[in-house]
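A.B. asks: From the sequence below, what's the structure:
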Amino acid sequence: MKAASSAAFLKGIDDNDRHHHHEEEEEKEEVCNVFDGEVDSHTKTTSSRDTKNNLKGFFTSLLLMDESEKHNQEAQNAASRREMSELQSNYRKRARTMSDYYSDLTDYYADAEEDGDIDRKKSRASRAAVAVAASVSAASEATESSEVTGSVPGSGQQRRLWVKDRSRAWWEECNRSDYPEDDFKKAFRMSKSTFELICEELNSAVAKEDTALRNAIPVRQRVAVCVWRLATGEPLRLVSKKFGLGISTCHKLVLEVCKAIKEVLMPKYLQWPDDESLRNIRETYESVSGIPNIVGSMYTTHIPIIAPKISVASYFNKRHTERNQKTSYSITIQAVVNPNGVFTDLCIGWPGSMSDDKVLEKSLLYQRANNGGLLKGLWVAGGSGHPLLDWVLVPYTQQNLTWTQHAFNEKMSEVQRVAKEAFGRLKGRWACLQKRTEVKLQDLPTVLGACCVLHNICEIRGERMEPELMVEVVDDEVLPENALRSVNAMKARDTISHNLLHHGLAGTSFL
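C.D. replies: Alright, predicted model coming up:
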């Protein structure tokens, strides 16, 4: 029994010891867990701080890399722009060089084609003989041939472009300082001094630089080609022979010089008069006709052309066709002329089928006078083909005129004669205006404008023209459908007519 009790007691003690030991183990584990939590918290704080520092460094590196990339990109862009600028500059230089080379080569082949057309008309035996003679001559007298040499890039060799050797004897003779003045004027319709003036005025506009293939044509020769072509109206084939140049070159020179004349000389030598000049013009016309306040004589003439490819009917000139018994096409030139025969206003290029009053309505003068008051209180003397306006004074056109009206018409015809004679000198001095020209329709206004400017220069400088060159101008005037468009102008015309007759200014030729 005791033994059993003792065993039970010992077992209880053992159980208590084990329980106590278990509690101690749990307490130790709790202490360890608390310690581990504190350690983990401290570790986490340190790790967060390190992470933030690492992120800052990372973003700073990104910003630095981005800034570096921007600088590199800007540097690359600047380098690209410089390279592109250099490429464009080199391209433009090469393009100009190639353009000059192509132009020269085109002239060369045009000349070769022209020679080929001539040679094909000859017999085969004759061509063989010429070829043999040419080859022998080229071999023995190579230094006398007209050639242009240049180096071929990268090869160190010389290339040669053979150019036809044309005779320039006629032009070189005319260009001599001791060439007779009368002969020069006969050829170019102006004196040497006037020609020199035109060359000086146009020098900057028409001068060209030498190229690697050939020397540029001098300014004097360029101007001479154009002036001689306008003065004689000869075909380009003859112009080519006279000046020793290719046909295509002559054609190009004529258009270039005409354009330069229109752009450079027209603003200086063809302009509406200022107030002082208008007063002198009024006084001169009044002394001639007795009609006050006339500042210009207006006339419209026709220039024959080859039938155009488009709008043929609009350029058909019915009146010239009926009179000449030959189909005629034309374009118009309307001009206002001062007492000295100088053009002060121009309207060029309207089709020949248009009547004078329609051409007037299309002109800039009509717009300026009607809308801008350019001619307020002044008259431009027109013909029977023009309407009576507040600023256009025209003769009476009805049947059975009174003595007063007849006297007025006679005085108006004297004013109109000034414009007709000016156009007669224009067409006589520049014979290209008398025949159908080879110039294209779109280039004609420029050529005609150049002729009018050159006419003004000659008139202003007092260039006399031989009487046999004078051309009688005949243009059939058609009465406008609405000839009387201003009541005030009708009253003013009647008053002028009355004063002419009753103040002894009309004369007695109508009696």
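A.B. asks: secondary structure class for residue 397?
C.D. replies: Recorded secondary structure, residue 397: coil (DSSP: H, G, I helix; E, B strand; the rest coil).
A.B. asks: got it, and residue 480?
C.D. replies: Three-state call for residue 480 (three-state DSSP): coil.
A.B. asks: least trustworthy helix or strand in this structure by mean pLDDT?
C.D. replies: Ranked by mean pLDDT, DSSP states H and E, the weakest helix or strand in the chain is strand 147-151, scoring a mean of 41.
A.B. asks: What does residue 296 show for phi and psi?
C.D. replies: phi 180, psi 150 (degrees, to the nearest 10).
A.B. asks: in the sheet, who's paired with the residue lying closest to it once chain neighbours are set aside?
C.D. replies: Among residues not flanking residue 296 along the chain, residue 336 sits closest, at 3.8 Å (Cβ to Cβ, 6 or more residues apart in numbering). For every residue, glycine as well, the C-beta is placed using N, CA and C. On the basis of DSSP bridges, residue 336 is bridged to residue 298, residue 345.
A.B. asks: and residue 336, how many neighbours does it have?
C.D. replies: A total of 23 residues lie near residue 336 under the criterion other Cβ atoms under 10 Å.
A.B. asks: what does residue 480 give?
C.D. replies: Neighbours of residue 480 (other Cβ under 10 Å): 21.
A.B. asks: ok, the nearest residue to it once chain neighbours are set aside - how many residues close by?
C.D. replies: Excluding the flanking residues, the one nearest residue 480 by Cβ to Cβ, 6+ apart is residue 357, at 3.8 Å. Residue 357 sits with 24 neighbouring residues when counted by other Cβ under 10 Å.
A.B. asks: residue ranges of the strands in the stretch 151-300 of the chain, please?
C.D. replies: With DSSP state E, counting those that start in this stretch as the criterion, the stretch 151-300 of the chain has strands at 158-162, 294-305.
A.B. asks: what's the most buried one of those?
C.D. replies: Highest mean neighbour count among the strands of the stretch 151-300 of the chain (mean count of other Cβ atoms under 10 Å): strand 294-305, with a mean of 24.
A.B. asks: ok, the nearest residue to residue 207 once chain neighbours are set aside to residue 253 distance?
C.D. replies: In this structure, residue 207 finds its nearest non-sequential neighbour in residue 219, 5.2 Å apart by Cβ to Cβ, 6+ apart. As judged by Cβ to Cβ, to the nearest Å, residue 219 and residue 253 stand 11 Å apart.
A.B. asks: out of the two, which sits in the busier spot?
C.D. replies: Comparing residue 219 with residue 253 by other Cβ under 10 Å, the one with more neighbours is residue 253, at 22 against 19.
A.B. asks: Next one: the more buried one from residue 212, what distance?
C.D. replies: Per Cβ to Cβ, residue 253 is found 21 Å from residue 212.
A.B. asks: swap in residue 206?
C.D. replies: For residue 206, the distance to residue 212 equals 21 Å [Cβ to Cβ].
A.B. asks: How many residues are close by the closest residue to residue 264 other than its chain neighbours?
C.D. replies: Closest residue to residue 264 in three dimensions, ignoring its sequence neighbours and counting by Cβ to Cβ, 6+ apart: residue 205, at 5.2 Å. Using other Cβ under 10 Å, residue 205 has 15 neighbouring residues.
A.B. asks: and residue 205, what is it in contact with?
C.D. replies: 260, 263-264 (Cβ atoms under 8 Å, 6 or more residues apart in numbering).
A.B. asks: Out of the residues you listed, which comes closest to residue 395?
C.D. replies: Comparing those against residue 395 with Cβ to Cβ picks out residue 263 as the nearest, at 37.7 Å.
A.B. asks: Helices along the stretch 251-400 of the chain, start to end?
C.D. replies: Ranges of helices in the stretch 251-400 of the chain, per DSSP state H, counting those that start in this stretch, are 266-269, 275-289, 312-315, 318-324, 356-362, 364-371.
A.B. asks: out of those, deepest packed?
C.D. replies: For the helices of the stretch 251-400 of the chain, the highest mean count by mean count of other Cβ under 10 Å goes to helix 356-362, at a mean of 20.
A.B. asks: What lies in contact with that helix?
C.D. replies: The set of residues external to helix 356-362 that reach it, using Cβ under 8 Å, 6+ apart, is 298, 300, 332, 334, 347, 350, 354, 366, 382-383, 385-387, 392, 477-478, 480.
A.B. asks: Could you rerun that using 6 Å?
C.D. replies: The contact list for helix 356-362 (Cβ atoms under 6 Å, 6 or more residues apart in numbering) reads 300, 332, 334, 350, 366, 385-387, 480.
A.B. asks: same deal with stretch 217-232?
C.D. replies: Against stretch 217-232 from outside (Cβ under 6 Å, 6+ apart): 188-189, 199, 203, 206-207, 239, 243, 250, 253-254, 257, 430-432, 451.
A.B. asks: what comes up buried for that stretch?
C.D. replies: 217, 219-232 (16 or more other Cβ atoms under 10 Å).
A.B. asks: Between these, which sits nearest residue 372?
C.D. replies: Using Cβ to Cβ, residue 230 comes nearest to residue 372 of the buried residues of stretch 217-232, at 33.5 Å.
A.B. asks: how close does the closest one get to residue 377?
C.D. replies: Taking Cβ to Cβ, one finds residue 230 at 38 Å from residue 377.
A.B. asks: Repeat that for residue 317.
C.D. replies: Using Cβ to Cβ, residue 317 is found at 36 Å from residue 377.
A.B. asks: more neighbours, those two?
C.D. replies: More crowded of residue 317 and residue 377, by other Cβ under 10 Å: residue 317, with 24 against 8.
A.B. asks: which ones are touching the more buried one?
C.D. replies: Here residue 317 is in contact with 328, 330, 352 (Cβ under 6 Å, 6+ apart).
A.B. asks: And residue 171, by the same measure?
C.D. replies: residue 243.
A.B. asks: so where do the strands sit in the stretch 301-450 of the chain?
C.D. replies: 329-337, 343-351, 379-381, 392-393.
A.B. asks: I'd like the mean pLDDT over the first one, please.
C.D. replies: Which is strand 329-337. Mean pLDDT, strand 329-337: 96.
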